[in-house]
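would you be able to build a 3D model of this:
(chains A and B)
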Amino acid sequence: QKEVEQDPGPLSVPEGAIVSLNCTYSNSAFQYFMWYRQYSRKGPELLMYTYSSGNKEDGRFTAQVDKSSKYISLFIRDSQPSDSATYLCAMILVSGGYQKVTFGTGTKLQVIP
Amino acid sequence: DGGITQSPKYLFRKEGQNVTLSCEQNLNHDAMYWYRQDPGQGLRLIYYSQIVNDFQKGDIAEGYSVSREKKESFPLTVTSAQKNPTAFYLCASTPPGQGVPGELFFGEGSRLTVL
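From the prediction side, this is the model:
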């Protein structure tokens, strides 16, 4: 079993839709939870991060973590064509000064105008 | 502008040849990383280096080698021993101190194709 599971998609939605992207994980020691966005043929960039259960909002984006269920989500409101990208969840374990980052496989999102 | 520069962007190699991918950063970051990205497999860590002249194997180091002679530079050599080298390679770094834990700054990647 992989430590982090993510539906690869692709996910295709009309412009303005609410998008829900999800990851589950098996290692309860993960301390931080992140979402990276990766445009085609580019490197990923950090979109949002959180370290506690609950919701965190940033504009049209909401990151949700449920540690008891080992489940994280990213919601995108009023989706735009510019949101078309691959979204990678990442789980972080900090131990002895080293940060181990475990990525999901990524979900490819297409927002259709 | 500060950032991570990877070169070349695209590279073709014949089987049996070694190839070196360049990664240079001017962010003054201490730690640098090499990841490999394949469809359906996400990012997998090849090697990482937390300080100059020191580096550690990641999860899939076999068939790869690195060096860290300068803080700014962390080149990756894909050797002929790597059985399936065709992939998208990403170099990353993290800032020192109390930045966001786990925040990686990525280059734009190098796509290697073995013919």
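
output the contacting helices and strands for the lowest-mean-pLDDT helix or strand in chain A.
For chain A, scoring each helix and strand by mean pLDDT, DSSP states H and E identifies strand A:98-103 as the least confident one, at a mean of 87. If you count contacts as 3 or more Cβ pairs under 8 Å, 6 or more residues apart in numbering or on different chains; DSSP states H and E, strand A:98-103 packs onto strand A:85-95, strand B:42-51. C-beta: built from backbone N, CA, C; applies to glycine.

pull the distance from it to the chain's centre.
15 Å (Cα atoms, centre = their mean, to the nearest Å).

run through the residues that contact the residue most central in space within chain B.
Closest residue to the average C-alpha location of chain B: residue B:34 at 2.7 Å, with Cα atoms, centre = their mean. With contact set as Cβ atoms under 8 Å, 6 or more residues apart in numbering or on different chains, residue B:34 has these partners: B:23, B:45-48, B:58, B:64, B:66, B:74, B:76, B:89-92.

would you list these in JSON lines and tack on secondary structure, distance to chain A and pLDDT?
Formatted as JSON lines, the contacts of residue B:34 follow (DSSP: H, G, I helix; E, B strand; the rest coil; distance: Cβ to the nearest Cβ, whole Å; pLDDT from 0 to 100):
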{"residue": "B:23", "secondary structure": "strand", "distance to chain A": "11", "pLDDT": "98"}
{"residue": "B:45", "secondary structure": "strand", "distance to chain A": "8", "pLDDT": "95"}
{"residue": "B:46", "secondary structure": "strand", "distance to chain A": "13", "pLDDT": "97"}
{"residue": "B:47", "secondary structure": "strand", "distance to chain A": "13", "pLDDT": "97"}
{"residue": "B:48", "secondary structure": "strand", "distance to chain A": "8", "pLDDT": "94"}
{"residue": "B:58", "secondary structure": "coil", "distance to chain A": "10", "pLDDT": "94"}
{"residue": "B:64", "secondary structure": "strand", "distance to chain A": "18", "pLDDT": "97"}
{"residue": "B:66", "secondary structure": "strand", "distance to chain A": "17", "pLDDT": "98"}
{"residue": "B:74", "secondary structure": "coil", "distance to chain A": "14", "pLDDT": "98"}
{"residue": "B:76", "secondary structure": "strand", "distance to chain A": "15", "pLDDT": "98"}
{"residue": "B:89", "secondary structure": "strand", "distance to chain A": "10", "pLDDT": "97"}
{"residue": "B:90", "secondary structure": "strand", "distance to chain A": "5", "pLDDT": "98"}
{"residue": "B:91", "secondary structure": "strand", "distance to chain A": "8", "pLDDT": "98"}
{"residue": "B:92", "secondary structure": "strand", "distance to chain A": "7", "pLDDT": "96"}
